[in-house]
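**Q** Build me a structure from this.
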Amino acid sequence: MELRQLRYFVRIVETGSMGHAAADLDIGVSALSQQMTRLENELSIRLLQRTSRGVVPTSAGLAFYSQAQLAIRHADDAILAAREARLSGHVSVGMPPSTASVLGIPFISAMQQNYADVRLHLVESLSGNLARMIATRQLDLAVVFQQEKKPRWSASPILEERLFIIGTPALLANVAEETIAPAQLADIPLIMPSAGHGLRSRLEAICQEHSMAVNIVAEIDGLTLLMNAVRAGLGATLQPGAAISHLSDAPLRVIGVHNPILSRPNFLVSLNDSELTPAALAARVLLSKTMRQLVHAGAWPGATLYGN
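**A** Model (predicted):
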């Protein structure tokens, strides 16, 4: 038995007409009749009698009607109580710039839709900074690129991003294919974040693996300025697929680099559960869900979920 069936039955008795009740409930007459048949079959009792003047309850239907009204009243009271006590509070969430460009707006929208009374504080900063902010309790949770083993942390790997070389067609004219070998990076002037940034560490690892050096022509720690410099043809950059969302209408080439080292894991980290508020716990679940939905929808370029 479903609550909606009780509401349907009560409305039919009150209007005395299957047609009028269907109109009030915004449901088809046939669908309403099927629901009542299903209810009567479940109870093994006839509740309604069809007559030439409309629909009237049987004696069993009258008894059921009074109890159905009471059940609906209790259900409505329970719904009201739940809404008045809905989740509230504050949660602070950190995202790196490239991640925020893909995840930020969808996550804000999801929070507003699901937890409208929770005040969200969103911080955009480098992965290393976000990890330190978690450690100093300035953030409840964050997306970071390195899994640091802390005794009072919770860390879950969510997805891995493929990295791409992005530059103007003129700058990358000597790259004929749509994929590039790691050794070819040595011939490309690069604009990268400063040393210590996760992407820079990945690049240094590939240089060490291939015993090569790359030409860093500029270090920029802001994604917007970095991508503007790339658009201006000042150099190419090594970035995850999330950064492609910054390309707008600029005629830039995006070239994949096939190497296991040149990929970037995304971890969802937080303090452990005992130190998180109910609002933060709910936000953590929603953040993970939003990340997975974006990957499934193809809205996170070059990303694959762990476990898939």
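
**Q** For the stretch 51-200 of the chain, which segments count as helices?
**A** Using DSSP state H, counting those that start in this stretch, the helices assigned to the stretch 51-200 of the chain run over residues 59-84, 97-114, 127-135, 198-210.

**Q** Which one of those helices lies nearest to M227?
**A** helix 97-114 (9.6 Å; CB to CB). Just so you know, the C-beta spots here come from the backbone N, C-alpha and C atoms, and that holds for glycine as well.

**Q** Need the CA coordinates for the host helix or strand of S30. CSV is fine.
**A** For S30, the enclosing helix or strand under DSSP states H and E is helix 29-43. What follows is helix 29-43, C-alpha atoms only, in CSV (Å, rounded to 0.1, in the frame of the first residue of the first chain):
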residue,chain,number,x,y,z
VAL,A,29,-8.9,8.4,-15.1
SER,A,30,-7.6,5.0,-16.3
ALA,A,31,-4.5,5.3,-14.2
LEU,A,32,-6.5,6.3,-11.1
SER,A,33,-8.9,3.4,-11.6
GLN,A,34,-5.9,1.0,-11.9
GLN,A,35,-4.5,2.3,-8.6
MET,A,36,-7.8,1.7,-6.8
THR,A,37,-8.1,-1.8,-8.2
ARG,A,38,-4.6,-2.5,-7.0
LEU,A,39,-5.5,-1.2,-3.6
GLU,A,40,-8.6,-3.2,-3.3
ASN,A,41,-6.8,-6.4,-4.5
GLU,A,42,-4.1,-5.8,-1.9
LEU,A,43,-6.7,-5.5,0.9
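
**Q** for the stretch 51-200 of the chain, what are the low-confidence residue spans?
**A** Counting by pLDDT under 70, the low-confidence segments of the stretch 51-200 of the chain come to 81-86, 148-151.

**Q** circling back to that earlier point, could the helices of the stretch 51-200 of the chain go into TSV alongside mean neighbour count?
**A** Output for the helices of the stretch 51-200 of the chain, formatted as TSV (neighbours: other CB atoms under 10 Å):
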stretch	mean neighbour count
helix 59-84	13
helix 97-114	18
helix 127-135	20
helix 198-210	17
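
**Q** related to what we said a few turns ago, against which helices or strands is the helix holding S30 packed?
**A** Secondary-structure packing of helix 29-43 (3 or more CB pairs under 8 Å, 6 or more residues apart in numbering; DSSP states H and E): helix 3-15, helix 18-25.

**Q** deepest of those, which one?
**A** Most buried of the helices and strands packed on helix 29-43, by mean neighbour count (mean count of other CB atoms under 10 Å): helix 3-15, with a mean of 19.
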